[in-house]
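S.K.: one predicted model, sequence on top.
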Amino acid sequence: MKNTKETWKPITCTDNVKYEVSSKGNVRNLKTGRILKPFYNTQGYARVDLTSANNDKTKKTRKLVHRLVAQTFIPNNDQSKTIINHKDENPRNNSVANLEWCTNKYNANYGTRIERVAKGKSKPIQQLDMKTGLIIATYPSLKEAGLSTGIYKSNISIVARGKGKSAGGYGWRYTK
């Protein structure tokens, strides 16, 4: 990736314009020149706390950095596009070149999301004979095991995670 010059613009979505955001996803205080250190939410998105003073009252607002970058640098002429997509699917890459306005549907189906979600949710599972420990059957997922055997998938999961002894008279374990 070529080095592009970092461009700074004032953030205008707060009460007082006291901050700037850069094309590389940095946020700085105009008065001190200090770049704010972001913190990350559970989904990996960078957030910063911005303060504004209004009639001797200080108000703190928490803002997502990718939203600040998009609102400042990327024109959005289509009001149906309210979501900001990370093109490389990395929520920590808040460079203007990596962001785009999109619809909720587009964002939900973007890139490898569907494959990642599907892969993350289904693990093959084995049904075991309680006396011999031999494998009776292997299912592609908890859901399939439950549908095929008539045993609640939550009960199968408890046994497969080592929290119970049997479900439906069988032992269960995730395949390796």
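M.R.: Alright, I've got the coordinates.
S.K.: could you use CA atoms for every contact and neighbour count after this?
M.R.: Noted.
S.K.: all helices of the protein, in order?
M.R.: 65-73, 104-108, 113-121, 142-149, 153-160 (DSSP state H).
S.K.: lowest average pLDDT across these?
M.R.: If you rank the helices of the chain by mean pLDDT, helix 113-121 sits at the bottom with a mean of 63.
S.K.: in stretch 100-112, what counts as buried?
M.R.: Judged by neighbour count (16 or more other CA atoms under 10 Å), stretch 100-112 contains these buried residues: Glu100, Trp101, Cys102, Asn107.
S.K.: residue closest to the middle of the protein?
M.R.: Gln43 (3.5 Å; CA atoms, centre = their mean).
S.K.: residues in contact with that residue?
M.R.: Going by CA atoms under 8 Å, 6 or more residues apart in numbering, Gln43 touches Pro91.
S.K.: next, work out how far apart it and Asn90 are.
M.R.: Using CA to CA, to the nearest Å, Gln43 is found at 10 Å from Asn90.
S.K.: cool, Gln126 as well?
M.R.: 34 Å.
S.K.: more neighbours: which of those two?
M.R.: With neighbours defined as other CA atoms under 10 Å, Gln126 and Asn90 compare such that Gln126 has more, 24 against 12.
S.K.: surely that one and Thr175 touch.
M.R.: Yes. Using CA atoms under 8 Å, Gln126 is in contact with Thr175, at 6.4 Å.
S.K.: now the strands: where do they sit in the protein?
M.R.: 8-10, 19-22, 27-29, 39-40, 46-54, 57-64, 83-86, 99-102, 125-129, 135-139, 170-174 (DSSP state E).
S.K.: now, of the ones you listed, which is deepest in the fold?
M.R.: Stretch with highest mean neighbour count among these: strand 19-22 (a mean of 24; mean count of other CA atoms under 10 Å).
S.K.: give the rounded mean pLDDT of that strand.
M.R.: Rounded mean pLDDT across strand 19-22 is 95.
S.K.: adjacent strands (with direction) for that strand?
M.R.: strand 8-10 (antiparallel), strand 27-29 (antiparallel) (DSSP bridges).
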